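A.B. asks: Model the structure of this input:
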Amino acid sequence: MSSLTPVRAFYDAVANGDVSGILAILHPKLTSDLIAFLTEVDTAYLATANAAGQPYVQHRGGPKGFICALDETTLGFADYAGNRQYITLGNLAENDQAFLFLMDYAHRRRIKIWGRARVVEVDSELISRLMPKGLSSAC
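C.D. replies: Just a heads-up that it's a prediction; the model follows:
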């Protein structure tokens, strides 16, 4: 099987409207400090690896607060249309380990989060909760 097979499968699914493009990062426990930090973050780097362990890092961005605490152990964000390579989504189909590197360049702060990630298929309630409205926070 080609290493691009999962990537192609997600490309086809998104093209057919079968995937909402929502990612959820599971973390052992979200603190109030982390949740407060998330309200100010507009830039993140999401790292994944395929089944063979080949890493891939991709920028994710949005309005401040685009990464939301969905509950005490889960972060979520809308996966906006980007470079349409779907490498991150393909990697997650094979390996759910993920890493978020959250940046606050203005205040010279950063947070690193390790966890497991998954793509949530079409879920209109979740999409409406995570999709930013204008430039305001998504949460």
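
A.B. asks: Which element is encountered next along the chain beyond the top strand by length along the chain?
C.D. replies: Assignment by DSSP state E gives strand 109-121 as the longest strand of the chain. The helix or strand immediately downstream of strand 109-121 is helix 124-130, counting by DSSP states H and E.

A.B. asks: For this structure, which segments are assigned as strands?
C.D. replies: Using DSSP E, the strands of the chain run over 19-26, 43-49, 55-61, 68-69, 74-78, 97-104, 109-121.

A.B. asks: Could you say which of those is packed most deeply?
C.D. replies: Greatest average neighbour count among those goes to strand 74-78 (a mean of 22), per mean count of other CB atoms under 10 Å. Quick note: C-beta positions are derived from backbone N, CA and C, even for glycine.

A.B. asks: That one pairs with which strands?
C.D. replies: With DSSP bridges as the test, strand 74-78 is paired with strand 19-26 (antiparallel), strand 68-69 (antiparallel).

A.B. asks: Could you give the number of residues near the residue lying closest to H107 once chain neighbours are set aside?
C.D. replies: Once flanking residues are discounted, H107 sits nearest to E40: 7.8 Å by CB to CB, 6 or more residues apart in numbering. Using other CB atoms under 10 Å, E40 is surrounded by 14 other residues.

A.B. asks: one step back: looking at the strands paired with strand 74-78, which one has the lowest mean pLDDT?
C.D. replies: Out of the strands paired with strand 74-78, strand 19-26 stands lowest, with a mean of 55 (criterion: mean pLDDT).
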